[in-house]
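Asker: Provided below are the primary sequence and the corresponding predicted coordinates.
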Amino acid sequence: MTNPFYNKNVVSIRDFTRNDLEYLFHVADNINSNSLCEALRNKILGLVFFEPSTRTRLSFESAMNSLGGTCIGFSESSSSSTEKGENLNDTLVTMNQYVDALVLRHQKDGVARFASEICTKPVINAGSGTEEHPTQAMLDLYTIFKELGTIDNLNIGIFGDLKYGRTVYSLLYGLSNYNPTVYLISPDLLQLRSDALSDIREKLSIEQHSNLSDVISKLDVIYTTRIQKERFPDIQEYERVKGSYRIDESLLKNTKDNLIILHPMPRSEEIPPSLDTTKYAKYFKQIRYGKLIRSALLYLIFTEHPEY
Ligand code: NCD
């Protein structure tokens, strides 16, 4: 098959089909092979992070190193000339000349698309405002696929801050390539934004709930997220919902045996540490799948005729 990722931007998960995603999963299954450890020799990845990150930035960096490539970049705008007042356009145009692809995280919606329009090198969206985080969705889908063997016909609960969590939007659009029933579970103030909800309802079977306990016994997956405090326009709005949801251990008495609990991380109070040792907790394994998916993605973006 033609490599659908070669030299492509990754701005939105909506730009990829089920076949594309399954090809990525297939490459991720094989990416650890020794033959690829020099595959990206002489390639330079630019890491342009205007917002904090642990897993996304370091997994891209680790993936690039494992494939023989290198990374340059910055992880906070205060260490770039943005601090001196340089505009985003000039920062991106500069990076575009130093690197072979850019990974970009920014607090504003639309910035990844803007970057893809002004850069001649592939741009990978590592989180754009409240909008999307497509590579997170790729690894979330891969985790479900690896842990449960399928994504079709599952009951998937998405629990938490559905209003501001960008990973949720990418995951929902990614899931719309499959045939699950999705349970959106959140406090009223944190429900999915209404424009996206009507769009997603056309693509996916959706139920909305306020309490996890009402649906937990049906679920194959619980995907939870932290409250995105930094995205609330008004701190009082945040204060009203702070601490309002959590997966209590007592809820897990009434679950399917093979339930998996996922989280893009970082977590705050929604998953108590006591859950970490339960068989349901897959959020640390999910981090490992993240490196595999990002390795596969980089390999495919840079390689016209991949080995797999
Ligand atoms: C997420 C993000 O940045 O949107 N983090 C991540 O990349 N795993 C989720 C979050 O910050 O809550």
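Answerer: Great, that's in hand. Just so it is clear, the model here is predicted, and its values are computed rather than measured.
Asker: Would you mark the buried spots in stretch 34-46?
Answerer: 36, 39-40, 43-46 (16 or more other C-beta atoms under 10 Å). Where C-beta positions appear, they are placed from N, C-alpha and C, glycine not excepted.
Asker: cool, and stretch 138-146?
Answerer: So stretch 138-146, judged by 16+ other C-beta under 10 Å, has buried residues 138-146.
Asker: Quick check: buried residues in the longest helix anywhere in the chain?
Answerer: The residue-count maximum for a helix in the chain (DSSP state H) belongs to helix 283-302. The neighbour-count check on helix 283-302 (16+ other C-beta under 10 Å) flags 283, 286-287, 289-302 as buried.
Asker: Contacts only, for the residue in the stretch 201-308 of the chain that the ligand sits nearest to.
Answerer: Residue nearest to the ligand within the stretch 201-308 of the chain: residue 264 (3.8 Å; C-beta to the nearest ligand atom). Counting by C-beta atoms under 8 Å, 6 or more residues apart in numbering, residue 264 touches 55, 133, 136, 140, 167, 225, 286.
Asker: ok, now with 10 Å
Answerer: 55-56, 127, 133, 136-137, 139-140, 165-168, 170-171, 223-226, 283, 286-287, 290 (C-beta atoms under 10 Å, 6 or more residues apart in numbering).
Asker: mind exporting the longest helix of the chain as PDB, just the C-alpha atoms?
Answerer: The C-alpha coordinates for helix 283-302 follow below in PDB (Å, rounded to 0.1, in the frame of the first residue of the first chain):
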ATOM      1  CA  TYR A 283      -2.600   4.200  31.800                       C
ATOM      2  CA  PHE A 284       1.000   3.400  32.400                       C
ATOM      3  CA  LYS A 285       1.000   0.800  29.600                       C
ATOM      4  CA  GLN A 286      -0.700   3.400  27.400                       C
ATOM      5  CA  ILE A 287       2.500   5.600  27.800                       C
ATOM      6  CA  ARG A 288       4.500   2.700  26.400                       C
ATOM      7  CA  TYR A 289       2.200   2.400  23.400                       C
ATOM      8  CA  GLY A 290       2.600   6.100  22.900                       C
ATOM      9  CA  LYS A 291       6.300   5.800  22.200                       C
ATOM     10  CA  LEU A 292       5.600   3.000  19.700                       C
ATOM     11  CA  ILE A 293       2.900   4.900  17.900                       C
ATOM     12  CA  ARG A 294       5.000   8.100  17.700                       C
ATOM     13  CA  SER A 295       8.000   6.100  16.500                       C
ATOM     14  CA  ALA A 296       5.800   4.500  13.800                       C
ATOM     15  CA  LEU A 297       4.400   7.900  12.800                       C
ATOM     16  CA  LEU A 298       7.900   9.500  12.500                       C
ATOM     17  CA  TYR A 299       9.200   6.600  10.500                       C
ATOM     18  CA  LEU A 300       6.300   6.800   8.100                       C
ATOM     19  CA  ILE A 301       6.400  10.600   7.700                       C
ATOM     20  CA  PHE A 302      10.100  10.400   6.800                       C
END
